[in-house]
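Asks: No sequence on hand, only this structure:
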DNA sequence: TCCTGTGAATGTGTTCACAGCA
DNA sequence: TGCTGTGAACACATTCACAGGA
């Protein structure tokens, strides 16, 4: 049976969705190395997740493996791509061409297939017309028209905190429904918009807790 | 009673630790705005978490509020800082001075107190001696000695995937126990090392799922 | 036989509902 | 009275244990 959305039992938890791209990356490595079959135990070794969890994650989308054998490497990869909607090209736009935006644009190119940066916007006139990873930087004033014309539904925000809410509203107004937000602010947006925040200083501050724990454990013996 | 590590009931879940810096940011805004008391309902409104969850998170570390009143804004902030170990300066090092590393270095400066970038390393001779956010870029060959001498225990990895494992091992060998890793690889490190991975393409791919869901929902009516 | 797929058991985290105290 | 602090109920996620089919 093919691996597809909703074919399995129960609803897939969000945490399972976030593990699928990890499997995809490992499968790409295995395909490149010439393995054409992979077991959940192999995937467990390479991802750090338990084999039961991996089997359960995959089973949310249907039966895909062969009992006694394992999963077809290529078949599982294309199945996961289909589940994630990565079996066709996904267009994304980036707002903010500072250092972070530049890193994202460069990184994206050719790095992972099927998510394509189709436009980059910035407010700084000095940056307009520059190419980042093969995509020209446009004025943010063009954002609504371009996003709407290209039908883009995925956006990445890499602008200063003060500008983020406005940019987010413009994106959503133009049809974007999923956002990756690097600005250190909580965005207020309609509930149907899926937002993933990545906040560098919050992560660092949370990590500090574990340092403190170490120090305390050492003090206490 | 003062808010401190382990003063409350049960062990704080990791997800609660990750929420503490969010509270800290909101509290800083409230302090700047002159509020000297804040209720869990206020924090809920500004963070998007439920008020019960906020009270529970704080209670893991002891009783801190005043019944019928709320929490002292300044007192709660300093209590959370103490829990996270941010009541004293925390030193961190950054490895990789590319666009991402530059963004991180610039962002860090003055942005959030108490986590200080004390050294930046890169392998590219052209970058050595440059200043990023007030810190000089050194050769990665100096990494072990500098990290050990300064007693740094927090590291940020912003190097290409191929270099990340080696860099991570060097950092851990020199005494680092907590890592923020931006390289798209699973690091194999001793269990006592706390690793937080931030992987841009995995996040984008996971978001694509929600686009696909939208498309499918539309197709199905 | 071997490894997948899955109900049942367990564990973890969140929400509810209210007791407790300024 | 009002808001914190917390046991109890609930929801969610992971692990266990094994049935099922190549």
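Replies: Cool, the structure landed. The shown structure was predicted, so the numbers you read here are calculated from the model rather than taken from an experiment.
Asks: Quick check: mean pLDDT of stretch A:149-158?
Replies: This predicted structure assigns stretch A:149-158 an average pLDDT of 97.
Asks: so does it get close to chain B?
Replies: Yes - Stretch A:149-158 is in contact with chain B by CB under 8 Å from any CB of the partner chain, via A:153, A:154, A:156. Bear in mind the C-beta positions are built from the backbone N, C-alpha and C, glycine included.
Asks: in that stretch, what counts as buried?
Replies: Counting neighbours by 16 or more other CB atoms under 10 Å in any protein chain shown, one finds that the buried residues in stretch A:149-158 are A:152, A:153, A:154, A:155, A:156, A:157, A:158.
Asks: Next: stretch A:88-106.
Replies: A:90-106.
Asks: where does chain A dip in pLDDT?
Replies: Applying pLDDT under 70 to chain A picks out residues A:1-6, A:109-113, A:213-221.
Asks: Now do the strands in chain A.
Replies: Under the criterion DSSP state E, chain A carries strands at the ranges A:37-38, A:71-72, A:90-95, A:115-122, A:131-132, A:135-139, A:154-157, A:178-181, A:194-197.
Asks: in its sheet, what does the fifth one sit against?
Replies: Sheet pairing for strand A:131-132, assigned by DSSP bridges, gives strand A:135-139 (antiparallel).
Asks: returning to what we had before: biggest separation within the buried residues of stretch A:149-158, which pair?
Replies: A:153 and A:158 (18.0 Å; CB to CB).
Asks: re earlier: ok, of the residues of stretch A:149-158 next to chain B, which one's closest to chain B?
Replies: Minimum separation from chain B among these (CB to the nearest CB) is found for residue A:153, which lies at 5.2 Å.
Asks: Now do that closest one against DNA strand D, distance only.
Replies: Residue A:153 is 24 Å from DNA strand D, where distance means CB to the nearest atom of the strand, to the nearest Å.
Asks: Which residues lie in contact with that residue in this structure?
Replies: For residue A:153, the contact set (CB atoms under 8 Å, 6 or more residues apart in numbering or on different chains) comprises A:91, A:175, A:176, A:177, A:178, B:211, B:214.
Asks: hmm, try it at 10 Å
Replies: Shown in contact with residue A:153 (CB atoms under 10 Å, 6 or more residues apart in numbering or on different chains): A:90-93, A:147, A:171, A:174-179, B:207-208, B:210-211, B:214-215.
Asks: show me which of those neighbour DNA strand C.
Replies: When CB under 7 Å from any atom of the strand is applied, no member of the contacts of residue A:153 is adjacent to DNA strand C.
Asks: now these: which count as buried?
Replies: Using 16+ other CB under 10 Å as the threshold, A:90-93, A:147, A:171, A:174, A:176-179, B:207-208, B:210-211, B:214 are the buried ones among the contacts of residue A:153.
Asks: Between which two of these is the distance greatest?
Replies: Put simply, by CB to CB the two of the buried ones among the contacts of residue A:153 set farthest apart are A:174 and B:208, 18.4 Å from each other.
Asks: For residue A:183, see how far away the closest residue to residue A:101 other than its chain neighbours is.
Replies: In space, residue A:101 comes closest to residue A:158 once its chain neighbours are excluded; the distance is 4.1 Å by CB to CB, 6 or more residues apart in numbering or on different chains. Look at residue A:158 and residue A:183: by CB to CB, to the nearest Å, they are 8 Å apart.
Asks: Spit out the residues that contact those two alike.
Replies: Common neighbours of residue A:158 and residue A:183, using CB under 10 Å, 6+ apart, are A:95, A:96, A:100, A:164, A:167, A:198.
Asks: Just flag the most distant two among those residues.
Replies: Between any two of the shared contacts of residue A:158 and residue A:183 (CB to CB), the greatest distance is 15.4 Å, for A:167 and A:198.
Asks: more neighbours, these two?
Replies: Set side by side, residue A:167 and residue A:198 show unequal neighbour counts under other CB atoms under 10 Å in any protein chain shown, the larger going to residue A:167 at 24 against 20.
Asks: Can you give me the domain boundaries for chain A?
Replies: Domain assignment for chain A by automatic domain parsing gives A:14-84, A:90-202.
Asks: Output the ones you listed as TSV; include the columns distance to residue B:72.
Replies: As requested, the domains of chain A are exported to TSV (distance: least, CB to CB, whole Å):
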stretch	distance to residue B:72
domain A:14-84	35
domain A:90-202	23
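Asks: does the residue nearest to residue A:101 really touch residue A:97, like I thought?
Replies: Yes - with contacts defined as CB atoms under 10 Å, residue A:158 counts as touching residue A:97 at a distance of 8.0 Å.
Asks: Next, show the common contact partners of those two.
Replies: In contact with both residue A:158 and residue A:97: A:104, A:105, A:120, A:122, using CB under 10 Å, 6+ apart.
Asks: will you turn the buried residues of stretch A:149-158 into CSV that also has distance to residue A:115?
Replies: Shown next, in CSV, are those (distance: CB to CB, whole Å):
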residue, distance to residue A:115
A:152, 11
A:153, 12
A:154, 8
A:155, 12
A:156, 10
A:157, 16
A:158, 15
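Asks: quick one: which of those residues is nearest DNA strand D?
Replies: Using CB to the nearest atom of the strand, the shortest approach to DNA strand D within the buried residues of stretch A:149-158 belongs to residue A:154, at 22.3 Å.
Asks: Correct me if wrong: the closest one contacts residue A:177.
Replies: Yes - at 7.9 Å, residue A:154 and residue A:177 qualify as touching, with contact defined as CB under 10 Å.
Asks: Tell me the residues that contact both of those two, please.
Replies: For the pair residue A:154 and residue A:177, residues contacting each of them under the criterion CB under 10 Å, 6+ apart are A:171, A:194, B:207, B:210, B:211.
Asks: burial count for residue A:199?
Replies: 19.
Asks: Now do the contacts for it.
Replies: For residue A:199, the contacting residues are A:181, A:182, A:183, A:184, A:185, A:186, A:205, A:206, B:21, B:22, B:25, B:198, taking CB under 10 Å, 6+ apart as the criterion.
Asks: residue contacts, the third one?
Replies: This means residue A:183. With contacts defined as CB under 10 Å, 6+ apart, the neighbours of residue A:183 are A:95-96, A:100, A:157-165, A:167-168, A:197-199.
Asks: same check, this time on the second one
Replies: With contacts taken as CB under 10 Å, 6+ apart, residue A:182 has the following neighbours: A:96, A:100-101, A:104, A:156-159, A:161, A:164, A:196-200, B:103, B:107, B:198, B:200.
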